[in-house]
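Asker: Would you be able to build a 3D model of this:
(2 chains)
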Amino acid sequence: MSIRLKVIGAIAVVFVLLFAALFISARQVLMQSFTRLEAEMMTRDVERADNNLRDELDTMRSTGRDYAHWDDTYRYAIDNDESYIATNFSDEIDGLESLDFDFVVITGQSNEVLFVRTRELGDDEAVNFLVEIEGYLDYVGETLPLEATNTMAYLSGFYRLGDQILLVATHYILPSMRTSTPAGTMTFGRIYNQTRIEMLAQQSRLNIQIIPIGSLATTDTTIRVAPVNEETVRGFRQLVDLNGSLIATLVIEEPRAIYAQGQQTINILALILIATGLVLSAATFLVLDRVVVERVTRLSQEVNAIEESSGRTARVTVQSDDEVTQVARSVNNMLGRLEQSHSEVTSAYAEAKEASRLKGEFLATMSHELRTPLNAIIGYSGIMREGIDGELDDAAMRMVGNIYDSSCHLLSLVNDVLDLSKIEAGHMDIVEAPYTLRGLVDAIADQYMILAKEKGLAFNHHVSDDLPNILVGDHERISQIVINLLSNALKFTANGSVTLLVSKRGSQLQFAVKDTGVGIPPHALTYIFDEFRQHNDGSGKPKGTGLGLAIVRKLAHAMNGLIQVESELGAGSTFTFTMPLQVSEENVISEPQFAA
Amino acid sequence: MFNSPSKTVLSGWKVLVVDDDTMSRDVARLMLKHYGAEVQTAVDGIEGLEAALTLLPRLILTDLSMPRMNGWELVEALKKDVRTKDIPVIALTAHAMYGDRERALAAGCHNYMTKPLTPSTFMRELVRLLVDIPQLKPLLNSASKEN
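Answerer: Numbering: from 1, shown residues only, chains lettered A, B, ... in the order given. Just a heads-up that it's a prediction; the model follows:
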């Protein structure tokens, strides 16, 4: 995960958390105050409706009092003169309608009903109404007794009549001067039905309902507010009747405009928060990206590029002056030191290589220079020994033979040193070319047949029939290896035989040199291929430099081959040289090549 | 075959030996003479080329590293001259100088022999090389063949 992604992730997390915290707390606070505001508004509205209702009652009471404390009404209560009714409450003049009362009831001096009229009701229905209103009149008889001393007393308020709620105002009937005892009671009332409620609603410009209540335990008349749902809120007030019993609930329903306003405000707030948050996040990211991320990324890319190109002179860009620059400077310093130590190492390596090359060259030159006189010694002593340039006497012959043998030995030592120095100097080139396998083996065998015979040993050789005749490889090196193994076999075998077997082992070509010589003890098997190590056979006189097998092994490895040895002390040894078998695509070799 | 060549195997042969080392030259001369050859020697490529043109030998043995004109240059020069271009040349190389051998063959040498030359193996090897050369094989003294 790149730094840029991590930064983006961190900013996103911070943004989300910040937004959530701000939004939730703001929402809490805002919605609380909006809800409180809503409740206050509702309370005020309920109060207004309630006040309107009370105003209505006050108007009714004052109108009722005007009629009850009037001489005409007093006279009617005394003498029951119908002209009073005709003048004030006859159908023709619509007295109730003009006063906007639904009914009027007048009782006389012995509490009997003198007159009852209801609006929009016929006389029969009025009788029914009279029956129904009997309860109220009984209540009036109890609470406003005619022998009362306080003649200014009255009843005014709600009264429940069956399913209906009445608004009533009852006064003693008195003469205008209020000087005598009451002549009866006069009651005005309104039936508070749906029409009345709607009128009240219209007047208050509120959505008002008055819901009758069967019975309620409490008489809590405080205003309460409760939301119905997301769209509607309700305000309540219990209405009590003249007795103080609950009879109805004044309910006002309103759309939750304030609440909706609150919601909208919160939505706008959320939008503003998101927008601000995004802008701030983007700005933060851009600043971080500019100041840190982009530069760190570029630094990383530059360092990577330097690593990939392995350019030693390349440096990262350094600009401005802060921690990132500090890192870049440190990287450059490290690169500088790296370059320095690299060049030191390189020059040291070059020096070492040159020294090694000079050593190899010296050895090559020296051995070459040694060989020139050796060649002469071998040549001349060989000629003398063979009697080519005249016969010698026995003593001279013996001495010349010793000179010849010793110089041959010395030459093989010099050759070994030369070979090894060439191999170690890396000058050993493997030249692969087609060669005839049987030609190679025959050339070697011809030579060793004679050498074995001279030592009184049998020499056998065999090439497997399943081997093709023309192979590809460096025949010089192959010959050198086989000759070396055969020389060793001959050297360490006193009697018996030396055998060379060439065979195919899967995809490998194998040369096995087997002897019946002294054998090699197991502990010696581990080091005989090491340089300058030679197993001492007990005769006390090492034969050779101890380089032969080391050279053989190195040559074998250079050809992807392998040298192995098996040996039993006193019974003989078998050295095997195995290398990949490469068959030539050519069938004929144009040039003869063997001079083993 | 030719395990022990007879002393007359090269009788009637003219052989030129080119080598800057006096003793190497002498050893080669003695051995070739022993097997019946008429031997002429030269000390470097220039002398060798002159001798080849005057003598027109049947066979030339030449060292490779020599002053003035080395063995490879000599072979090239011989190959360029119509009179000498068919004379087989056998290079005499030092041990382990593998590159020298490849270069010698590439320059036109017929084959090579590794120094030092010792009487016990020299003639056997030489004869082996010579029987591979069609124009020389019939000229080897048939009496040398043992089997």
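
Asker: Quick check: residues of chain B near chain A?
Answerer: B:3, B:21, B:23-24, B:26-28, B:30-31, B:34, B:94-96, B:98-99, B:101-102, B:105, B:111-121, B:124-125, B:128-129, B:132 (C-beta under 8 Å from any C-beta of the partner chain). C-beta here means a position set from N, CA and C on the backbone, and glycine is covered the same way.

Asker: residue ranges with poor pLDDT in chain A?
Answerer: Judged by pLDDT under 70, chain A has its weakly predicted residues at A:93, A:120-127, A:214-219, A:311, A:425-427, A:531-546, A:586-596.

Asker: can we see that at 50?
Answerer: A:540-541, A:591-596 (pLDDT under 50).

Asker: Give me every residue in it lying close to chain B.
Answerer: A:368, A:371-376, A:378-380, A:382-383, A:385-386, A:388-389, A:408, A:411, A:415, A:418-419, A:422, A:429, A:431, A:443, A:446-447, A:450, A:476, A:591-596.

Asker: What's the ChimeraX syntax to select whichever of those are buried?
Answerer: Command for ChimeraX, covering only those of those found buried under the criterion 16 or more other C-beta atoms under 10 Å in any protein chain shown:
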select /A:368,371,374,375,376,378,379,380,382,383,385,386,388,408,411,415,418,419,422,443,446,447,450,476,593,594,595,596
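
Asker: Go through the residues of chain B next to chain A and flag which are in strands.
Answerer: B:111, B:112, B:113, B:114 (DSSP state E).

Asker: Please check the residues of chain B next to chain A and keep the buried ones.
Answerer: When those are checked against 16+ other C-beta under 10 Å, the ones flagged as buried are B:21, B:24, B:26-28, B:30-31, B:34, B:94-96, B:98, B:101, B:105, B:111-119, B:121, B:124-125, B:128-129.

Asker: Can you report how many residues lie near residue A:48?
Answerer: Using other C-beta atoms under 10 Å in any protein chain shown, residue A:48 has 16 other residues around it.

Asker: ok, now residue A:465?
Answerer: Counted with other C-beta under 10 Å, residue A:465 comes out at 7.

Asker: For the residue of chain B found nearest chain A, give me the pLDDT.
Answerer: Residue nearest to chain A within chain B (C-beta to the nearest C-beta): residue B:27, separated by 3.1 Å. Looking at residue B:27, its pLDDT stands at 88.

Asker: Which positions within the strand or helix carrying residue A:489 qualify as buried?
Answerer: Using DSSP states H and E, residue A:489 falls within helix A:475-491. Within helix A:475-491, the residues that count as buried by 16+ other C-beta under 10 Å are A:475-490.

Asker: hmm, back to that, take the residues of chain A next to chain B and keep only those in helices.
Answerer: A:368, A:371-376, A:378-380, A:382-383, A:385-386, A:408, A:411, A:415, A:418-419, A:422, A:443, A:446-447, A:450, A:476 (DSSP state H).

Asker: residues touching residue A:495, list them.
Answerer: A:456, A:457, A:516 (C-beta atoms under 8 Å, 6 or more residues apart in numbering or on different chains).

Asker: same thing but 10 Å
Answerer: Taking C-beta atoms under 10 Å, 6 or more residues apart in numbering or on different chains, we find residue A:495 in contact with A:455, A:456, A:457, A:458, A:516, A:517.

Asker: That one looks like it's in a strand, true?
Answerer: No. Residue A:495 is assigned coil when assessed by DSSP: H, G, I helix; E, B strand; the rest coil, not a strand.

Asker: Quick check: the closest residue to chain B within the stretch 151-300 of chain A vs residue A:294, distance?
Answerer: Residue of the stretch 151-300 of chain A nearest chain B, by C-beta to the nearest C-beta: residue A:300 (50.9 Å). Distance check for residue A:300 against residue A:294: by C-beta to C-beta, to the nearest Å, it reads 11 Å.

Asker: so what sits against both of the two?
Answerer: Joint contacts of residue A:300 and residue A:294 (C-beta under 10 Å, 6+ apart) are residue A:3.

Asker: Could you report the pLDDT at the residue nearest the centre of chain B?
Answerer: Chain B has residue B:61 as the residue nearest its centroid, 2.3 Å off, counting by C-alpha atoms, centre = their mean. If you check residue B:61, the pLDDT there is 92.

Asker: tell me the SS of it?
Answerer: Assignment for residue B:61 (three-state DSSP): strand.

Asker: again, but for residue A:234
Answerer: Per three-state DSSP, residue A:234 ends up strand.

Asker: What is the burial count for it?
Answerer: Neighbour tally, residue A:234, other C-beta under 10 Å: 18.

Asker: With residue A:206 instead?
Answerer: Residue A:206 has 17 neighbours, counted by other C-beta under 10 Å.

Asker: residues touching it, list them.
Answerer: A:45, A:46, A:48, A:49, A:52, A:200, A:235, A:252, A:253, A:254.

Asker: Any stretches of chain B with poor pLDDT?
Answerer: B:1-2, B:143-147.

Asker: make it 80
Answerer: Applying pLDDT under 80 to chain B flags residues B:1-7, B:93-103, B:115-121, B:132, B:134-147.

Asker: Helices of that one, start to end?
Answerer: Under DSSP H, chain B gives helices at B:22-34, B:45-55, B:71-80, B:98-107, B:119-130.

Asker: Can you tell me the SS state at the residue of the stretch 151-300 of chain A closest to chain B?
Answerer: Going by three-state DSSP: residue A:300 is helix.

Asker: burial count for the closest residue to residue A:26 other than its chain neighbours?
Answerer: In space, residue A:26 comes closest to residue A:269 once its chain neighbours are excluded; the distance is 5.7 Å by C-beta to C-beta, 6 or more residues apart in numbering or on different chains. Residues near residue A:269, counting by other C-beta under 10 Å, number 15.

Asker: now the helix or strand harbouring residue A:269: how far from the chain's centre is it?
Answerer: Element membership of residue A:269 [criterion: DSSP H and E] is helix A:257-288. Put simply, helix A:257-288 sits 27 Å off its chain's centre (C-alpha atoms, centre = their mean, to the nearest Å).

Asker: Which strands and helices lie in contact with that helix?
Answerer: Packing contacts for helix A:257-288, counted by 3 or more C-beta pairs under 10 Å, 6 or more residues apart in numbering or on different chains; DSSP states H and E, involve helix A:3-68, strand A:232-240.

Asker: Deepest in the core, which of the ones you listed is it.
Answerer: Of the helices and strands packed on helix A:257-288, the one with the most neighbours on average (mean count of other C-beta atoms under 10 Å in any protein chain shown) is strand A:232-240, at a mean of 20.

Asker: Need the three-state assignment for residue A:503.
Answerer: Judged by three-state DSSP, the three-state class of residue A:503 is strand.

Asker: Enumerate every residue touching the closest residue to it other than its chain neighbours.
Answerer: Nearest residue to residue A:503 in three dimensions, chain neighbours excluded: residue A:464, at 4.3 Å (C-beta to C-beta, 6+ apart). By C-beta under 10 Å, 6+ apart, the contact list for residue A:464 reads A:437, A:501, A:502, A:503, A:504, A:505, A:509, A:510.

Asker: and if we set it to 8 Å?
Answerer: A:501, A:502, A:503, A:504.

Asker: Now for those: which two are most distant?
Answerer: Spatially, the most separated pair among those is A:501 and A:504, at 11.1 Å (C-beta to C-beta).

Asker: who touches both of the two?
Answerer: With C-beta under 8 Å, 6+ apart, residue A:501 and residue A:504 have common neighbours A:464, A:510.

Asker: what's the spacing between the helix or strand hosting residue A:523 and its chain's center?
Answerer: Taking DSSP H and E as the criterion, residue A:523 maps to helix A:522-525. Put simply, helix A:522-525 sits 62 Å off its chain's centre (C-alpha atoms, centre = their mean).

Asker: got the buried residues for that helix?
Answerer: Buried, per 16+ other C-beta under 10 Å, within helix A:522-525: residue A:524.
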